[in-house]
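A.B. asks: here you go, sequence then predicted model.
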Amino acid sequence: MHCFSFDIETVPDVEFGRRMWDLDGLSDQDVGTAMMFKQLQKSGRDFLPLHQHRIVAISVALRTRDTFKVWSLGDADSDEAEIVKRFYDGLDRYTPDLVSWNGSGFDLPVLHYRALKHGIQAPRYWEMGDNDRDFRFNNYLSRFHWRHVDLMDVLAGFQMRGRASLDQTAVMLGFPGKLGMSGDKVWPCWLDGGIEDIRNYCETDVLNTYLIYLRFEFMRGNIDAQDLERELDLVRSTLVAMNEPHLNEFAAAWAKSSREPS
């Protein structure tokens, strides 16, 4: 079975903001500020509705039978349509089990809106058993099926008050958590031209998510202690072999956490 852990990073869809509120002539920064201010007035929070987000990065960790790999889809200059299409193409190709942190509440709905905007087809993702009977009782869209595991939702028992952050859950388990970057810093980083930093941050979020998933699979009894250690070693060796600065930082933080007394 293929396992496909994923995460997205977004910024305000300023193209939408300009059209919706007649904001031609304003800079991207000013349009984004106006959009968030309108939302703050409306709801008391400046976090935009999901259809007002634009995806700038999608990172994945793919575990196949023989390999583990982590990367960001497309290149740093790939447009949104390309990276969204690559995401759904991966599902069509591998039919993997999806793993996310708050994917049901954020990542997947945003992907729905953006695929709709760009005219991207995703037949495997939207399969509900009409063409493949295996999807009738186990598909990507039903909350209580296993083809998509939203770890935040599942671990909280599907209760709002039980939810925890990715950062704190990762740290609790001895994984690095977030290393100086967070979701609220993505928009300023994007405005400063920091797409590579955003992609790197997204990849470390995916790694935290996947490592938590391994512990979850152990808790469920799907892997034993030896399997778990082999899987963790595979991630460690992959990071060493990739030899990227942000992944080296992640590996070093992980090693330090592992040495600290619990």
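C.D. replies: Arrived safely, thanks for sending.
A.B. asks: can we go C-alpha only for contacts and neighbour counts from here?
C.D. replies: Will do.
A.B. asks: list the buried residues in stretch 240-249.
C.D. replies: 246-249 (16 or more other C-alpha atoms under 10 Å).
A.B. asks: residue ranges for the strands of this structure, please.
C.D. replies: With DSSP state E as the definition, the chain shows strands at residue ranges 3-12, 53-63, 68-72, 97-100, 148-150.
A.B. asks: output the contacting helices and strands for the shortest one.
C.D. replies: Yep, that's strand 148-150 we're talking about. Strand 148-150 sits against strand 97-100, with contacts defined as 3 or more C-alpha pairs under 8 Å, 6 or more residues apart in numbering; DSSP states H and E.
A.B. asks: each with direction, which strands does the strand it packs on pair with?
C.D. replies: Next to strand 97-100 in the sheet, as set by DSSP bridges, lie strand 3-12 (parallel), strand 148-150 (parallel).
A.B. asks: ok, which of these comes nearest residue 63?
C.D. replies: If you check each of those against residue 63 by C-alpha to C-alpha, strand 3-12 wins as the nearest, at 5.0 Å.
A.B. asks: so which of the buried residues of stretch 240-249 sit within helices?
C.D. replies: With DSSP state H as the criterion, helices contain 246-249 from among the buried residues of stretch 240-249.
A.B. asks: nearest to residue 199 among these?
C.D. replies: Distances from these to residue 199 were compared by C-alpha to C-alpha; the smallest belongs to residue 246, at 10.1 Å.
A.B. asks: is residue 60 in a bridge, and if so with what?
C.D. replies: Applying DSSP bridges, one finds that residue 60 bridges with residue 6, residue 71.
A.B. asks: quick check, pLDDT for it.
C.D. replies: Model confidence at residue 60, given as pLDDT, is 97.
A.B. asks: going forward, count from 16.
C.D. replies: With 16 as the first residue, the last one maps to residue 75.
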